[in-house]
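sequence first, predicted model second:
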Amino acid sequence: MEVFLKRKQSAAVATCWRSGASATLDRLNIYFIYSEMPVINGNYWNIKLEGTNPYGEDILFVLGNNMAEALGRR
């Protein structure tokens, strides 16, 4: 496996127009887990729907705050 990625923070975000975002997140998160990387999450699925979606933007805002806290920059 990729030893150089071990213990580095990770977060997966998917955007979609119709469907498939949850399967995409699953595939990305599995890669992170196999590489022994801690996965940072938001307060719900890290999915941003196409178009105006204030709920998705709030999720990504929380994800950004969690990532900053995990990196020790907050």
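Arrived safely. Numbers count the residues shown, from 1 in each chain.

longest helix anywhere in this protein?
When the chain is parsed with DSSP state H, its longest helix is helix 54-70.

can you list the strands that the helix or strand of the chain with the lowest mean pLDDT pairs with?
Ranked by mean pLDDT, DSSP states H and E, the weakest helix or strand in the chain is strand 47-49, scoring a mean of 80. Pairing partners of strand 47-49, with direction, according to DSSP bridges: strand 14-16 (parallel).

quick check: buried residues in the strand it pairs with?
Ala14 (16 or more other C-beta atoms under 10 Å). In this view, the C-beta of every residue, glycine as well, is placed from N, C-alpha and C.

same thing with stretch 7-19?
Within stretch 7-19, the residues that count as buried by 16+ other C-beta under 10 Å are 10-14.

which of these sits closest to Ile47?
Ala14 (5.4 Å; C-beta to C-beta).

that closest one contacts Arg27, doesn't it?
No - if you go by C-beta atoms under 8 Å, Ala14 and Arg27 don't touch, sitting 9.4 Å apart.

could I get the CA-only coordinates of stretch 15-35 as PDB?
The C-alpha trace of stretch 15-35 is given here as PDB (Å, rounded to 0.1, in the frame of the first residue of the first chain):
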ATOM      1  CA  THR A  15     -21.100  16.200  -6.500                       C
ATOM      2  CA  CYS A  16     -23.900  14.800  -8.500                       C
ATOM      3  CA  TRP A  17     -26.700  15.700 -10.800                       C
ATOM      4  CA  ARG A  18     -28.900  12.700 -10.300                       C
ATOM      5  CA  SER A  19     -27.400   9.700  -8.600                       C
ATOM      6  CA  GLY A  20     -24.200   7.800  -7.800                       C
ATOM      7  CA  ALA A  21     -22.700  10.100  -5.300                       C
ATOM      8  CA  SER A  22     -23.000   7.700  -2.300                       C
ATOM      9  CA  ALA A  23     -21.300   4.900  -4.300                       C
ATOM     10  CA  THR A  24     -18.500   7.400  -5.300                       C
ATOM     11  CA  LEU A  25     -18.000   8.400  -1.600                       C
ATOM     12  CA  ASP A  26     -17.900   4.700  -0.600                       C
ATOM     13  CA  ARG A  27     -15.100   4.000  -3.200                       C
ATOM     14  CA  LEU A  28     -13.100   7.000  -2.200                       C
ATOM     15  CA  ASN A  29     -13.400   6.300   1.500                       C
ATOM     16  CA  ILE A  30     -12.400   2.700   1.100                       C
ATOM     17  CA  TYR A  31      -9.200   3.800  -0.700                       C
ATOM     18  CA  PHE A  32      -8.400   6.100   2.300                       C
ATOM     19  CA  ILE A  33      -9.100   3.400   4.800                       C
ATOM     20  CA  TYR A  34      -6.900   0.900   3.000                       C
ATOM     21  CA  SER A  35      -4.100   3.500   3.000                       C
END
